[in-house]
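Colleague: sequence and predicted structure below; questions after.
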Amino acid sequence: VYARTLDDEPPLVSVRAGEPFASASVIKLTIMLTVYRAYDAGTAAPDNLVTIRAADLIGGSPVLAYARPGQRYRMGELVRAMIQQSDNSASNSLISGFGFDAINGVIRACGLTGTRLGRHFADYVPAWHVSANLTTPRDIGTLLYAIEHGSREQLDTVAQAASCRAMIDVLLGQEDKSKIPSGLPAGTPCANKTGEIDGVRNDAAIVDPYGDT
């Protein structure tokens, strides 16, 4: 567990915060970040078309459930599907489009030292399989802090300020509100991303409480 505010004080809670855990779909935050940094660099745009490969189509894909190899989707559409419905085929298509080296390069450039994307999402991963997609609570907390700080203060942090705001807007559309959001007072804005695999239940969020702090 890792939780902090926007001030410069020590974290409110930090329990095994530097220990790597199976990331499940929380790693999709780093894929989204890679996309938005490409937007900032002018090497990609939300309306760019991404061709779907057969190898990228798997279960756990509510948006691309009926997609066929060779179909093309707008990049912005894939990002929303990946985050808001946690669509695995959309995620795989973006991984294939950008490549592991580029995504892990963004992860390293942002100082997320305990995070690594090592494989595509799969229909089935044996219980004995060592997870190849890892992160730490502190890494994800640091990433979400940088996104919120950039948006709120109009600063370029891990992405340009406008992209930080846009990523939060995508996260606010997350459909799974059963974890962190379920413990908040009704109406509290919560930009979250969940993750679930066998034995793992993750959630990470920017919570915007009432008041200045």
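Modeller: Right, received. Where do you want to start?

Colleague: end to end, how far does stretch 191-202 reach?
Modeller: 14 Å (C-alpha to C-alpha, to the nearest Å).

Colleague: what comes into contact with that stretch?
Modeller: 21-29, 83, 86, 125, 127, 131, 168, 171-172, 174, 176-181, 203-206, 208 (C-beta atoms under 8 Å, 6 or more residues apart in numbering). Every C-beta, even on glycine, is put in place using the N, C-alpha and C of the backbone.

Colleague: check which residues of that stretch are buried.
Modeller: For stretch 191-202, the neighbour count (16 or more other C-beta atoms under 10 Å) marks 191, 192, 193, 194, 195, 196, 197, 202 as buried.

Colleague: which ones among those residues lie within strands?
Modeller: 191, 192, 193, 194, 195, 196, 197, 202 (DSSP state E).

Colleague: greatest separation within those: which pair is it?
Modeller: The largest separation in those, counting by C-beta to C-beta, is between 191 and 197 at 22.1 Å.

Colleague: using CSV, lay out the ones in strands among the buried residues of stretch 191-202 together with distance to residue 16 and pLDDT.
Modeller: Shown next, in CSV, are these (distance: C-beta to C-beta, whole Å; pLDDT from 0 to 100):
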residue, distance to residue 16, pLDDT
191, 24, 98
192, 20, 98
193, 20, 98
194, 19, 97
195, 17, 94
196, 19, 91
197, 19, 88
202, 13, 96
